[in-house]
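[1] sequence unavailable; structure follows:
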Ligand code: AMP
Ligand code: MG
């Protein structure tokens, strides 16, 4: 039974939409409503985020209808966005929102404009052979991981709601369907610039540039300014990912946000045991997006953005020269951000270039001793770090040098406590959470979400969430949501 659209009569949820993307020319998007689903039921609604966005009202049944796409709220202008991108290095001239619909934007209490988007809301003109749907697993995974990232202080898209559709989704087997409502500073991607640039549609490219500058980087005057800002944001972002052991998994240019937020949580994962070559994504056969490759890949992605921006400039030769310098300067920015982040992890408020050797030495010893990334750094605070090493003397040798180095720091414990979380969304816990939810039990989802909302706090009741997986719990591969 399809729920009739008339259901929206008497709706009490108010979303103060203030849309800007919908006003861009028709070539930027396809206007269409989400496809209704059979039997929506609400799994989660992020009330603090809703408050921040300015949402009011709405009972549970209504929220389920709206965030399943069965009812279109007043003021929404639903659309699917066009973009393209390089996937694993190959340019795909047309991607676009194949299973997502932007409802519109709100300007929150903090004055920030944010997108509200349904993901898994049915087919669009950009769906190609896809069904436009998502199954419960990736929806809950994105909800947990994106909210954990935000709580860890990482720029990230957020999760506003998760809804079961009451319909099956067919992958290798039939799985329960779900819709995620995602909130983002915007959904502008490197690939949004690429699509118009590749088509040599300079008018559209210029409109996109003006729109992006006004929305994200109002100080930027030129394409070079914009490139520099995005490079800075992405350099900081990737360094922050690395400092938490996070592996995005699919750093295609369409999954790279101009805002500098982490976006498109697919086969992402936090490492347990530290090793720079760690890869989880089942489709990343050559380790293109391995943990330790991320700093190189983001530079490659910024080179694609630079290329896409060139047609906006008159003097091509001079522009290429300028952009090349910006892109070539990025590794130094990443190194500096990496040093700040990892310096803090070992208690240094103001790390110096030569401290990189000390940090690298620890990481090398960790990699050689199957040390758990998160627990080793956290245990620097309480003296338990050596227990994380298969050969604890490998830590002792490093500790002597480290102790000497931090001895003249004012308060290394404070610095470390703010940089080394106790809790990360570990893969095996996510898999256990999804398995329970598929069986209809959402309590573990709510428990994970609750604990991960305060990742730097010691929470003795939740100590099991700090444990690395037992051998039979290790997750070998993670999968895209498709
Ligand atoms: P992703 O790997 O999630 O970043 O998606 C890459 C592209 O495939 C994007 O254009 C998505 O919109 C599209 N896509 C992914 N899953 C589906 C699906 N189930 N139905 C339609 N399009 C999809
Ligand atoms: Mg994507």
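    Here it is on my side, so go on. For clarity, every value in this text was computed on a predicted model and none was experimentally measured. Ligands and ions are numbered 1, 2, ... in the order given.

[2] residue 82 is in contact with residue 194, correct?
    No - checked against C-beta atoms under 8 Å, the pair residue 194 and residue 82 is beyond contact range at 10.8 Å. Where C-beta positions appear, they are placed from N, C-alpha and C, glycine not excepted.

[3] for residue 177, which three-state class applies?
    Reduced to three states with DSSP: H, G, I helix; E, B strand; the rest coil, the structure at residue 177 is strand.

[4] I meant residue 167, not that one.
    Secondary structure, three-state DSSP: residue 167 is strand.

[5] residues contacting it?
    Residues in contact with residue 167, defined by C-beta atoms under 8 Å, 6 or more residues apart in numbering, are 37, 38, 39, 133, 177.

[6] so which of the residues you listed also contact ligand 1?
    When contact is defined as C-beta under 6 Å from any ligand atom, the contacts of residue 167 meet ligand 1 at residue 133.

[7] now the most centrally placed residue in the chain: phi and psi?
    When the chain is reduced to its mean C-alpha position, the nearest residue by C-alpha atoms, centre = their mean turns out to be residue 262, at 3.0 Å. Main-chain torsions, residue 262, degrees, to the nearest 10: phi -70, psi 130.

[8] distance check, it against residue 320.
    From residue 262 over to residue 320 the distance is 30 Å, taken as C-beta to C-beta, to the nearest Å.

[9] kindly report the same for residue 19.
    Using C-beta to C-beta, residue 19 is found at 36 Å from residue 320.

[10] check which helix or strand covers residue 300.
    Taking DSSP states H and E as the criterion, residue 300 maps to helix 294-309.

[11] which residues touch the helix or strand following that helix?
    Later in the chain than helix 294-309, the nearest helix or strand by DSSP H and E is helix 316-328. Residues from elsewhere that reach helix 316-328, judged by C-beta under 8 Å, 6+ apart: 223-224, 227-228, 231, 299, 302-303, 306-307, 309-310, 313.

[12] between those, which is nearest ligand 2?
    residue 302 (17.7 Å; C-beta to the ion).

[13] residue contacts, that closest one?
    Taking C-beta under 8 Å, 6+ apart as the definition of contact, the neighbours of residue 302 are 190, 227, 230, 231, 234, 326, 327, 330.

[14] looking at those residues, which are in helices?
    Counted as lying in helices by DSSP state H, out of those, are 190, 227, 230, 231, 234, 326, 327, 330.

[15] which stretches of this structure form strands?
    29-31, 41-45, 79-81, 85-87, 90-92, 100-107, 113-119, 134-135, 158-170, 174-184, 246-247, 269-270 (DSSP state E).

[16] okay if I get those strands as CSV plus mean pLDDT?
    Output for these, formatted as CSV (pLDDT from 0 to 100):
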stretch, mean pLDDT
strand 29-31, 98
strand 41-45, 98
strand 79-81, 98
strand 85-87, 98
strand 90-92, 97
strand 100-107, 98
strand 113-119, 98
strand 134-135, 98
strand 158-170, 98
strand 174-184, 98
strand 246-247, 98
strand 269-270, 96
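
[17] just send those strands back as JSON lines, with distance to ligand 2 too.
    Shown next, in JSON lines, are the strands of the chain (distance: least, C-beta to the ion, whole Å):
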{"stretch": "strand 29-31", "distance to ligand 2": "16"}
{"stretch": "strand 41-45", "distance to ligand 2": "22"}
{"stretch": "strand 79-81", "distance to ligand 2": "11"}
{"stretch": "strand 85-87", "distance to ligand 2": "8"}
{"stretch": "strand 90-92", "distance to ligand 2": "11"}
{"stretch": "strand 100-107", "distance to ligand 2": "9"}
{"stretch": "strand 113-119", "distance to ligand 2": "10"}
{"stretch": "strand 134-135", "distance to ligand 2": "12"}
{"stretch": "strand 158-170", "distance to ligand 2": "16"}
{"stretch": "strand 174-184", "distance to ligand 2": "11"}
{"stretch": "strand 246-247", "distance to ligand 2": "16"}
{"stretch": "strand 269-270", "distance to ligand 2": "17"}
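
[18] export those to TSV and append columns for distance to residue 290.
    Rendered in TSV, the data for the strands of the chain read as follows (distance: least, C-beta to C-beta, whole Å):
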stretch	distance to residue 290
strand 29-31	34
strand 41-45	32
strand 79-81	29
strand 85-87	17
strand 90-92	18
strand 100-107	27
strand 113-119	26
strand 134-135	26
strand 158-170	26
strand 174-184	26
strand 246-247	7
strand 269-270	11
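
[19] closest to residue 294 out of those?
    Shortest separation from residue 294 across the strands of the chain is recorded for strand 246-247, at 7.2 Å, computed as C-beta to C-beta.

[20] pull up the pairing partners for the closest one, direction included.
    Paired with strand 246-247 in the same sheet, following DSSP bridges, are strand 269-270 (antiparallel).

[21] and the contacts of the strand it pairs with?
    Taking C-beta under 8 Å, 6+ apart as the criterion, the residues outside strand 269-270 that touch it are 244-247, 249, 280, 373-374, 424-427, 475, 478.

[22] could you do stretch 15-27 as well?
    For stretch 15-27, the external contacting residues (C-beta under 8 Å, 6+ apart) are 28-29, 31, 53-55, 73-77, 79, 81-82, 102-107, 113, 115-116, 186, 201, 204, 207-208, 211, 215.

[23] now do stretch 344-360
    Residues from elsewhere that reach stretch 344-360 (C-beta under 8 Å, 6+ apart): 243, 335, 339-340, 342-343, 362, 377, 380, 398, 401-402, 405-406, 409-413, 415-416, 418-420.

[24] so what's residue 143 up against?
    For residue 143, the set of contacting residues under the criterion of C-beta under 8 Å, 6+ apart consists of 44, 159, 162, 180, 445, 449.

[25] redo that, cut-off 7 Å
    Residues in contact with residue 143, defined by C-beta atoms under 7 Å, 6 or more residues apart in numbering, are 44, 159, 162, 180.

[26] whichever of the residues you listed end up buried, select them in PyMOL.
    Selecting in PyMOL just the buried members of those, where the criterion is 16 or more other C-beta atoms under 10 Å, is done with this command:
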select buried, resi 44+159+162+180
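
[27] check the contacts of residue 143 and tell me the two furthest apart.
    Greatest spatial distance among the contacts of residue 143 (C-beta to C-beta): 44 and 180, at 9.7 Å.

[28] mutual contacts of these two, please.
    Residues within reach of residue 44 and of residue 180 at once, by C-beta under 7 Å, 6+ apart, are 143, 162.

[29] let me know the pLDDT of residue 131.
    According to the model's per-residue confidence, residue 131 sits at a pLDDT of 98.

[30] what's the neighbour count on it?
    16 (other C-beta atoms under 10 Å).

[31] ok, residue 168 next?
    For residue 168, the tally of surrounding residues (other C-beta under 10 Å) stands at 14.
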